[in-house]
Structures are given as C-alpha cells and as structure tokens.
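Student: curious how this folds, go ahead:
(one chain, ligands or ions: 1)
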Amino acid sequence: MCGISAYIGKKDAAGVVLECLKKLEYRGYDSWGIVALRGSTGSSPGSSFSVIKRIGKIGGVNSSYLKEAIGEDSRIAIGHTRWATHGGVTEQNAHPHFDCKKQFAVAHNGIIENYQELKEGLLAKGHIFSSQTDTEIIPHLIEEAATTAKDFPEAVREASKLLKGKSAFVAVSASLSQIAVVRKGSPLIIGVNEGDNSEFYVASDINAFLEYTNKVMYLDDNELAVIDGGVKFFSISTGNEVAKRVVQIDWHPGTAHKGSYNHFLIKEIMEQKDTLAKAINQDDVKILTVAELIKSAFGTFFVGCGTAGKVCMAGEYLFSKIARKHVNSVVASEFSNYQHYLTNKTLMVAISQSGETADVLEAIDTAKSKGVKVISLLNVFGSTMMRVSDDFFMVNAGAERAVVSTKATTAQLAVLTLLAYATAGKLQEGKLLLINASAAVNDMLNPRYDEHIRKLAGLLAVRKETFIIGRGLNYPIALEAAIKLQETCYMHAQGFAGGELKHGPLALIEEGTPCIAIVANDETKSDIISNAMEVKSRGGFIIGISPQNNEVFDYWLRVPDAGNASPIVNIIPVQILAYHLAVLKGCDPDYPRNLAKSVTVK
Ligand code: F6R
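Tutor: The predicted structure follows:
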C-alpha cells in the first residue's frame, strides 16, 4: 500500500510528481504529500524544502493549487499517497517525513518491523519526532549516519541496512541535487529519459510514469539507486555498484479515464463486454504447455488473496469438473502451512491483479525456496510477481482503477477456465464456450439490465445484511459476491455453500432478510433451489441469479446460460448491485474506506 513518486529533470518536478501520484492513488488515499527542493531550478543545488501535506485524496488536486502551496518551479521533488499503518490519518503523519534539522525528506511504503527499537535508540540520542509513523525513523537514521558517512548515498545505505521488514523509500537532501531510492521488499521502479535533457522518474508502479517514458530500470531487492545527472545502482549490503540495463516496455494498460461514467467501478464493470474476449486471447502453445505442467505436477497450488483468492477457489472447482484434476486453492497468507508438501515437482499458480500483493509474494518466496515452479496470472505488466515467476499470463483486462476488482476477476476466471479445458485436452471447446459467454455478457450489459438491478438496490439499501448462497462452481462466487457488497456499501454480507445454511446460519434469517441464490443451470440446480426454499420458508427475501425464473425467487436477475462459464456471468449482476448500493448509500464506489488496491503489507 501507499504510492511513492519522485522526479528529477527539466520539468516542473512537483507538477510531475502530482500527476504520477494521481495514478498511484489506488494504493492508498488517506492523505498525501509532496516535497520539492527550493532553489533547484538552476544549476546550483537547492537549500531547503517546500512542503505540502493534505488529508484526503490527491485525485482532485490541480496544479495551480499545488503551485500556490509549493511556490516556484523545482527540478527535484518526491511525493506520497498514504494508506495508514502506523499513526492515524493526519497531516502530521502524511509523508514525506523529515529529520530534526529538515535536511532530509523521505517518502516510504511498507512496514519497518523493528521501528520501536530503532526509535528508542534515536530518542536516546536526542532526536525529536513529530509523527507517529514508523517512516519517520528513516530520515533520523540518515541524519545520524550522515555525521560519519562520506556522502548522502552512503548515509542512506547505512540507514537502510538497519531496517527490518519489507519496504521501499525515496530520500532527498535539501542541499544536493540527488535522489536516493531504496528497495527492500516493496516495489519501486525507475523511468528514464536519457540524452541532453536527461530526466528520471521513480514510482511504485510503471503506470505512474508511462505517459512520460516507457524506458525503465528495475531496482532489485536490497539495492540502492542514486539519481542525479545519471543513475547508479548499488548493493545495500556491500556498497558495490551493480550493472543494470534499460528495458523498453511495449505494453500499455489502456485508458484509465472515467469517460462518460461517474465512477471507475461502473465503467470497469461495463468494460466486461470486451475484456473477456481479450482475456481468452492467449497463446495456445503457452496454455498447452502450462496445462502439461499442471498434469505432470506432483501437487498444484492456486494461490491468491481476497477476490483473487476466490478465483483460485473457483479454479479448484473448474479443474475438478472440467479436467478431473485435483488442484489445491490456498489463501496466500496461509500458504506457509503447506510448505511441508512442497517439492521441486510442485507447481504454484499465483493469481493477482496487481502482481504486488505482499502475501502472495511471500508465498512465492516460500514456494521458490522449495524448488517449486511458479506461474502467475497477472493484470499489471512489469509487476514484481511477473519478475519473480518462472512464467506468467497477462489477463489483459486493462487498467483497473477502482479498488473493487471486477473486470480483472472475470478475466482471471476466463483464463483459468481455458486452462482447465486445455488440461482436459479440450482447448478449442473451452475457447468456444468462453467466446459464447463473452458475447452473452455483451448482450446482458444493457441499460435496461442496469436499471432492473438499480431498482433492486433501492429495496436492499435499507437492509443491514445480505446472505449469498451457491453450490459447486458457484460456491466461490457466493463468497466473492459477499466481498463485493462488503467493500462497496459496507453491508454485512456473507456467502455460504447452499448446503451449509441449515448447519447454523439459517438461525439468522428473519422476515425480509435478503438472500441471493446463485442458481446455475447445472447439476447443483435442484439442491440450491431447495436451499433457497429453506430460507424463504423462514421469511427470507430471495434474489435469484439464474438463466431461468423460479417460483422461489422474489426478485429475478436473469443471466445467460453459460454452462461451465457460469461463475463469470453470475458475478456480474452482483458487481452492478454493489455499485448501485454504494451510490444509493452515499459511499464512494471507487475508493472504499480502509482499503487500498495494492496490498503491499502483510
Ligand atoms: C476486492 C479486491 C481484493 C484483491 C486482493 C488481492 O475487490 O480487489 O480482495 O483481490 O487485495 O489483490 P491482487 O489481485 O492485486 O493480488
């Protein structure tokens, strides 16, 4: 979580950092801050910092507001958009942070696990802190190291050596035209435009600066980069210089504008008219190769978090049903419990929209330490997961800006379905199924459908809770549906396997309690209808998601009959419902409270 951006070059640095941070807002949106080097317009080094820190989102901030606060143009700036971990959401806690004499400024992403111990040491030496963050120890550590280090980069390197836990930060000195960039487990990428007007961008993800340059240099873990007129990389532990090359990125995330929509969420839901077709446009040879790996692996683990974790679970059902192949789905944060079953014949399929989720990266580390081969399903090119995996698939959903995942989810489901068919030796059958599902989704997503669901949202907006039931392929989708309702409109929503209700949760059903029944036209149909009946008999209000209407439904959301692609089509009406509930309840559909899109802390 948290987005970092920095710039050094001939442009107005604070303005560039502002625009880059706007693209990183999905990583955290509690508060933001920018520090520019005053006096850094000419060739002489700057002498002090101009600072702006504000609570709230950076998205709506314009350059004239920034200029008024920051003052004259500068050539060097660093900035941050925050998702609070240590310390509440206040301007004081917003980054960048400074040392006692305001010589150094730091913007940081991650968690410093030993910060209390380090802070005690600094306090004992007389350092004065002005925030409750773990980050603030970094500028103070640099200040301390600067008393003996030969130069600023060396002081930053000494300070970084002391930090435990996964983090990344950028640091500037008020008296030098230099940026120090440190990566220790959290992402930071450098964009370059070399030549007469050389300029450098630093960001937590390449999307932030892709509109300025598509040439990047990757910083690896435990490395320090020092940027001034050029860039040099060093190992943090040895101080030795590390050779790097410039990589050209020929990938674009697609448009990241709301267009005619009020929110990214509804725009991205509607984009599923196209994204499914893009997701299944995969290289046959690669799909078949990975299918062979799954067939021959001695244990396959699908690993992800949150929504991606539910996709993994759906994968378990898809592989069982389509390929008659057992795979394990495991929530990434629990993966270490399975390490005793891992060998060099095991396969891991890591599923992640961002490719930066800390829990998944840690699971990959665990897997790799046992010689496991790792294949990732990703939506963000150039992400850490892409670089640490043995191979990867892009699910091609395009930039997903709303924190609530929608089009990336269905794209992941589509690629997994394709893989299951390929594993069954029926790739073409799978493709046909998904092409038909994609066309059916295109038809389904029309204004009348949206209006029908908006009306349902009007009925549900007054309710405090909703239950969702599904069976078979659609049991994981019931769980995913609950996540959608929780994060958009803060409703207590819970998903269950239909058969589980009578083992406890049925006691919660009262007159009018909403229950969404996901009823696929498959072997689970009659059982899930019976479960819906059980709820209705206790006063429940049944919302049926199904290709056919049924007398048990009080409200019917029609979906196409998509066969084994039913998980893909069945989640879409819930996504739309979640969107309308958010709007009706005055919640921000794009930025749910307390969440961030890229969860880079454990
Ligand atoms: C929910 C949602 C999250 C993510 C989870 C993993 O709508 O988006 O639950 O699925 O944080 O993120 P990625 O897929 O980036 O690893």
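
Student: nearest to the ligand: which residue in this protein?
Tutor: Gly306 (2.0 Å; CB to the nearest ligand atom). All C-beta spots, glycine's among them, are computed from the backbone N, C-alpha and C.

Student: how about the strands in the stretch 201-350 of the chain?
Tutor: Listed in chain order, the strands of the stretch 201-350 of the chain (DSSP state E, counting those that start in this stretch) span 215-218, 223-227, 231-235, 241-242, 247-248, 300-304, 328-331, 347-352.

Student: can you give the strand pairings for the third one, parallel or anti for each?
Tutor: Looking back up the chat, that one is strand 231-235. strand 223-227 (antiparallel), strand 241-242 (antiparallel) (DSSP bridges).

Student: near the ligand, which residues of this structure?
Tutor: Residues of the chain lying close to the ligand by CB under 6 Å from any ligand atom are 305-308, 352-354, 357, 360, 404-405, 483, 487, 598-599.

Student: got a list of what Ile545 touches?
Tutor: Neighbour list for Ile545: Ile516, Ala517, Ile518, Val519, Leu557, Val559, Asn570, Pro573, Val574 [criterion: CB atoms under 8 Å, 6 or more residues apart in numbering].

Student: after the host helix or strand of the first one, which helix or strand is next?
Tutor: Translated: Ile516. Counting by DSSP states H and E, the element that carries Ile516 is strand 514-518. Note on strand 514-518: by DSSP H and E, the next helix or strand toward the C-terminus is helix 525-537.

Student: and that next one, average pLDDT?
Tutor: Helix 525-537 comes out with an average pLDDT of 97.

Student: distance from that helix to the middle of the chain?
Tutor: On the basis of CA atoms, centre = their mean, to the nearest Å, helix 525-537 sits 36 Å off its chain's mean C-alpha point.

Student: picking up where we left off before, list only buried entries from the contacts of Ile545.
Tutor: Ile516, Ala517, Ile518, Val519, Leu557, Val559, Asn570, Pro573, Val574 (16 or more other CB atoms under 10 Å).

Student: right, and the fifth one touches Ile571 too?
Tutor: Meaning Leu557. No: taking contacts as CB atoms under 8 Å, Leu557 lies outside contact range of Ile571: 11.4 Å.

Student: now for Gln466, how many residues are close by?
Tutor: Wrong residue type there; residue 466 is Thr, not Gln. 25 (other CB atoms under 10 Å).

Student: let me fix that: His340
Tutor: 7.

Student: and it, what does it touch?
Tutor: Going by CB under 8 Å, 6+ apart, the list of residues near His340 is empty.

Student: use 274 as the first number for this chain going forward.
Tutor: Got it, the first residue is 274 from now on, which makes the last one we talked about His613.

Student: pLDDT score for it?
Tutor: 94.

Student: state the distance from it to Thr619.
Tutor: 11 Å (CB to CB, to the nearest Å).

Student: related to what we said a few turns ago, so for the strand holding Ile789, what's the average pLDDT?
Tutor: 98.

Student: also stretch 764-775?
Tutor: For stretch 764-775, mean pLDDT is 96.

Student: try stretch 596-604
Tutor: If you average the pLDDT values across stretch 596-604, you get 97.

Student: pull out the buried residues from it.
Tutor: Ala596, Lys598, Val600, Asn601, Ser602, Val603, Val604.

Student: which ones are touching Thr573?
Tutor: Ile567, Lys598, Val600, Asn601, Thr619, Leu620, Met621, Val622 are the contacts of Thr573 under CB under 8 Å, 6+ apart.

Student: now for those residues, which pair is the farthest apart?
Tutor: Maximum pairwise distance in those, criterion CB to CB, is 15.3 Å, between Lys598 and Met621.

Student: what about Leu850, neighbour count?
Tutor: Around Leu850 there are 25 other residues, counting by other CB under 10 Å.

Student: how close does the nearest residue to it once chain neighbours are set aside sit to Pro846?
Tutor: Residue nearest to Leu850 in three dimensions, not counting chain neighbours: Ile726, with 5.2 Å by CB to CB, 6 or more residues apart in numbering. The gap separating Ile726 from Pro846 is 6 Å, by CB to CB.

Student: what's the answer for Glu345, then?
Tutor: Taking CB to CB, one finds Glu345 at 53 Å from Pro846.

Student: do the same with Ile595
Tutor: From Ile595 to Pro846 the distance is 24 Å (CB to CB).

Student: just Asn487 next, same as before
Tutor: 38 Å.

Student: surely Ile595 touches Leu700?
Tutor: No: counting by CB under 8 Å, Ile595 does not reach Leu700; the two are 11.1 Å apart.

Student: pick out whichever of these two has more residues nearby.
Tutor: Under the neighbour definition other CB under 10 Å, Ile595 and Leu700 were set side by side, and Ile595 has more, 23 against 18.

Student: list the contacts of the closest residue to that one other than its chain neighbours.
Tutor: Nearest in space to Ile595, with sequence neighbours left out and distances taken as CB to CB, 6+ apart, is Ala693 at 4.1 Å. Ala693 is in contact with Gly588, Leu591, Phe592, Lys594, Ile595, Ala596, Lys598, Gly703, counting by CB under 8 Å, 6+ apart.

Student: out of the residues you listed, who's nearest Ala476?
Tutor: Among the contacts of Ala693, and counting by CB to CB, the member closest to Ala476 is Gly588, at 31.6 Å.

Student: thinking again about what came up before, overlap in contacts, Ile595 and Leu700.
Tutor: Common neighbours of Ile595 and Leu700 (CB under 8 Å, 6+ apart) are Tyr694.

Student: can you check the pLDDT for Ile624?
Tutor: Looking at Ile624, the pLDDT reads 98.

Student: is it true that it touches Leu650?
Tutor: Yes: at 4.6 Å, Ile624 counts as touching Leu650 under the criterion of CB under 8 Å.

Student: more neighbours: those two, which one.
Tutor: Ile624 (33 against 30).

Student: excluding sequence neighbours, find me the nearest residue to the more buried one.
Tutor: Closest to Ile624 by CB to CB, 6+ apart is Gly577, at 4.0 Å.

Student: the one you found touches Ser625, doesn't it?
Tutor: Yes: counting by CB under 8 Å, Ser625 is a contact partner of Gly577 at 6.0 Å.

Student: ok, those two, which is more surrounded?
Tutor: Ser625 (33 against 28).

Student: list the contacts of the more buried one.
Tutor: Shown in contact with Ser625 (CB under 8 Å, 6+ apart): Gly577, Cys578, Ala581, Val633, Ser649, Leu650, Leu651, Asn652, Ser656, Met658.

Student: same thing with Leu310?
Tutor: Taking CB under 8 Å, 6+ apart as the definition, contacts of Leu310 comprise Ala286, Pro318, Gly319, Phe322, Ser323, Ser347, Arg348, Ile349, Ala350, Val445, Ala447, Ser450.
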